[in-house]
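Undergrad: what would the 3D arrangement of this be:
(chains A and B)
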Amino acid sequence: MILLRLFYEFFKTGLFAVGGGMATLPFLYSMSDATGWFSHGQLADMIAVSESTPGPIGVNMATYVGFTTAGLPGALAATLGLVTPSIIIILIIARVLQAFRQNRVVDAAFYGLRPCSVGLIAAAGLLVVKIAVFNFDLYAQTGAIGDLLNLKALLLAAVLVVLTRYVKATKKLHPIVFILGSAAAGVLFSF
Amino acid sequence: MKKLLELFLAFAKIGAMTFGGGYAMIPFLERELVEKRGWTTSEELMDYYAVGQCTPGIIAINTATFVGQSVAGTFGGIAATLGMVFPSLVIITLIASVLTNFAELQAVKSAFAGIRVCVCVLIFNAVVKLWKGAVPDKAALVLCLAVFGLSVFFDISPVLFVLLCAAAGILFTRLGVRGK
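TA: Numbers count the residues shown, from 1 in each chain, chains lettered A, B, ... in the order given. You can find the predicted model right below:
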């Protein structure tokens, strides 16, 4: 029963992968080795698609692997398998937290956790900056300092900062407007 | 029932607009859940993120379950999570069946390069905004900068940061440095 097996394999992934969607990758590689459902090459393609389509990467990966293995029912089985452990564990934690929200120790722990989240988010943002605005590969090849910065990307970033933070007429716009605008800019000016 | 449908739709919308990992979701969570619907606060979102970091499962799903649960109980958690994965199911299935070379298309590559720049700026804006609530005093500032610096320069698991910061929060409160 391949659907059950898919559900089970992704249940395991959801249970043991901790963190962002990229944390599921080691599990997918070992799944490829253990089951032969898809090759490492296919996996690389699936990662590329998952990164360039909407939706969390981990979920996209599960859907893609499931679909490749067993069509639409496979996509459903894999995705539900991935989210089931989260649902169970988080529902339990959420209940416990609600009961202890007013507890002084829990409150003190969260006082330490909030700056931690912000620090982690900022670090993740910086990682995206490294890929989006810098050309480390090109720089390593040519050694020309002018190749290190992607000037088009830098210019777009500057325009976006001004539009999202300082221009009254645009700063309240929905973030998706800026995402779509940036996608269009990327195509128009061939980033 | 109406609330569950609302949760499903709100999270489907967020899922359809998120490009990248769970962090790219923050600006959309802020907009759709905090500003538009008032279902949660920025501080609570940070709590969910911290817990979602160190519990099993991917952050995006953990956060969806958390918010859904706080809005409408157990079924709310399930509805939000199913909403979150729904766009992925539709979009990936479509792409996998018709456009297998999707990621190699030049237009897709260029569009995504543009989107990545935008994601940086949106995350930067989110950090500036979250800063006020999450970093109220000097001790919190030290924690935030330490986590940022260490995770930029070293490959340390976020789980460790979360556990240490929870302990630090308790310690700082005990020592009375909180709020100074």
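
Undergrad: show me what the helix or strand where residue A:80 lies is packed up against.
TA: Using DSSP states H and E, the element containing residue A:80 is helix A:57-100. Judged by 3 or more Cβ pairs under 8 Å, 6 or more residues apart in numbering or on different chains; DSSP states H and E, the packing partners of helix A:57-100 are helix A:2-16, helix A:25-35, helix A:40-51, helix B:42-54, strand B:57-58, helix B:59-98. (C-beta placed from N, C-alpha, C; glycine too.)

Undergrad: now these as JSON lines including mean pLDDT and distance to residue B:112?
TA: Output for these, formatted as JSON lines (pLDDT from 0 to 100; distance: least, Cβ to Cβ, whole Å):
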{"stretch": "helix A:2-16", "mean pLDDT": "93", "distance to residue B:112": "25"}
{"stretch": "helix A:25-35", "mean pLDDT": "88", "distance to residue B:112": "19"}
{"stretch": "helix A:40-51", "mean pLDDT": "84", "distance to residue B:112": "8"}
{"stretch": "helix B:42-54", "mean pLDDT": "86", "distance to residue B:112": "25"}
{"stretch": "strand B:57-58", "mean pLDDT": "86", "distance to residue B:112": "20"}
{"stretch": "helix B:59-98", "mean pLDDT": "93", "distance to residue B:112": "13"}
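
Undergrad: and those: which comes nearest residue B:32?
TA: Smallest distance to residue B:32 across the helices and strands packed on helix A:57-100 (Cβ to Cβ): 10.0 Å, for helix B:59-98.

Undergrad: next structured bit after the closest one?
TA: Following helix B:59-98 toward the C-terminus (DSSP H and E): helix B:106-134.

Undergrad: work out the gap between that following helix and the centre of the chain.
TA: 13 Å (Cα atoms, centre = their mean, to the nearest Å).

Undergrad: that one vs chain A: in contact?
TA: Yes: against chain A, helix B:106-134 shows contacts by Cβ under 8 Å from any Cβ of the partner chain at B:106-127, B:130-131, B:133-134.

Undergrad: related to what we said a few turns ago, out of the helices and strands packed on helix A:57-100, which is the most enclosed?
TA: Most buried of these, by mean neighbour count (mean count of other Cβ atoms under 10 Å in any protein chain shown): strand B:57-58, with a mean of 30.

Undergrad: partners of that one in the sheet?
TA: Paired with strand B:57-58 in the same sheet, following DSSP bridges, are strand A:18-19 (parallel).

Undergrad: mean confidence score for the strand it pairs with?
TA: Computed over strand A:18-19, the mean pLDDT rounds to 72.

Undergrad: could you do stretch A:154-169 as well?
TA: Mean per-residue pLDDT for stretch A:154-169: 92.

Undergrad: what does that stretch rub up against?
TA: A:132-133, A:170-171, A:178, A:182, A:185-186, A:191, B:114, B:117-118, B:120-122, B:124-125 (Cβ atoms under 8 Å, 6 or more residues apart in numbering or on different chains).

Undergrad: got phi/psi on residue A:149?
TA: Phi and psi for residue A:149, reported as degrees, to the nearest 10, are phi -100, psi 140.

Undergrad: residue contacts, it?
TA: Counting by Cβ under 8 Å, 6+ apart, residue A:149 touches A:133, A:134, A:135.

Undergrad: give me every residue that touches the first one.
TA: Going back to what we said before, that points to residue A:133. Residues near residue A:133 by Cβ under 8 Å, 6+ apart: A:149, A:150, A:153, A:154, A:157, B:117, B:120.

Undergrad: I'd guessed residue B:45 sits against residue B:28; true?
TA: No: between residue B:45 and residue B:28 there is no contact under Cβ atoms under 8 Å: 11.2 Å.

Undergrad: one step back: the contacts of residue A:133: which two are farthest apart?
TA: Farthest-apart pair in the contacts of residue A:133 is A:149 and B:120; separation 13.7 Å (Cβ to Cβ).
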